[in-house]
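>>> return atomic coordinates for the entry below.
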Amino acid sequence: MTTFTVPTRSEVSENNQVIFDNLQKALGFVPNLYATIAYSKNGLERFLAYQNAKTSLTGKEKEAVNLIVSQVNNCVYCQSAHLVLGKMNGFTDEQLLDIRKGKATDAKLNALVQLAAEITKTRGYANPELVDAFFKEGYNNENLVDLILQVSDKTAMNYLHNLTKVEVDFPLAPAL
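Purely as a prediction, here's the structure:
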């Protein structure tokens with residue numbers, strides 16, 4: 001199988017070099033998976049615009065979705081990244097472990113996590129009971145659309161890492 005290396009700043013387009021510089025300033029580094037997207041002249045800009053678009057989901061809800069989707073898709077890179085980001089968004093280690101196992105002690109967050117996992121596993125053919133539970137916990141149609149968009153965002157990154165297997169540059173997520 002082809003080995004994918006992470007492109008350096010000098011190996012990407014001028015547009016992507018500017019994005020690398022901005023990521024370096026904002027994060028202190030360019031995550032390897034973002035750098036890998038930069039193989040596409042326009043892909044990184046397009047993906048970051050999509051990823052950073054406004055949503056009805058809170059930062060914590062987005063991170064819960066990102067983590068469970070990455071768990072279902074068996075993406076160690078994204079599991080590792082979202083454990084760090086989940087802590088930055090206020091989750092405890094125990095809460096993050098529960099999310100990786102497909103549950104949460106908070107009923108509303110639990111409905112979100114379970115539906116996100118189901119959508120990922122079934123490619124959108126979710127159990128109607130899980131959809132009903134999502135709505136019963138106070139979510140609405142806008143939230144459902146934003147959940148699906150969040151699942152698609154994370155699935156794309158999961159697939160990219162699962163195919164390229166670039167080095168994980170976050171503290172490695174422990175296996176469950």
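
>>> domain assignment for the protein?
9-51, 59-164 (automatic domain parsing).

>>> can you redo these as JSON lines with mean pLDDT?
Formatted as JSON lines, the entries for these read as follows, by pLDDT from 0 to 100:
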{"stretch": "domain 9-51", "mean pLDDT": "97"}
{"stretch": "domain 59-164", "mean pLDDT": "98"}
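
>>> of the ones you listed, which approaches residue 3 most closely?
Ranking the domains of the chain by proximity to residue 3 (Cβ to Cβ) places domain 59-164 first, at 9.0 Å. From N, CA and C alone the C-beta is placed, and that goes for glycine too.

>>> so residue 154 sits against residue 66, correct?
Yes. Counting by Cβ atoms under 8 Å, residue 154 sits close enough to residue 66 to count as a contact (4.9 Å).

>>> find residues that contact each of the two.
Residues within reach of residue 154 and of residue 66 at once, by Cβ atoms under 8 Å, 6 or more residues apart in numbering, are residue 78.

>>> turn the domains of the chain into TSV, including distance to residue 1 and mean neighbour count.
Converted to TSV, those look like this (distance: least, Cβ to Cβ, whole Å; neighbours: other Cβ atoms under 10 Å):
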stretch	distance to residue 1	mean neighbour count
domain 9-51	15	16
domain 59-164	9	18
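
>>> residue 127 versus the closest residue to residue 31 other than its chain neighbours, what's the distance?
On the basis of Cβ to Cβ, 6 or more residues apart in numbering, the spatially nearest residue to residue 31 that is not a chain neighbour turns out to be residue 169, at 6.1 Å. When Cβ to Cβ, to the nearest Å is applied, the distance between residue 169 and residue 127 equals 36 Å.

>>> and the helices in this structure?
Counting by DSSP state H, the chain forms helices over residues 14-27, 32-37, 43-51, 59-72, 76-88, 93-100, 107-122, 128-136, 141-164, given from the N-terminal end onward.

>>> wait, which of those is closest to residue 7?
Closest to residue 7 of the helices of the chain is helix 32-37 (Cβ to Cβ; 5.7 Å).
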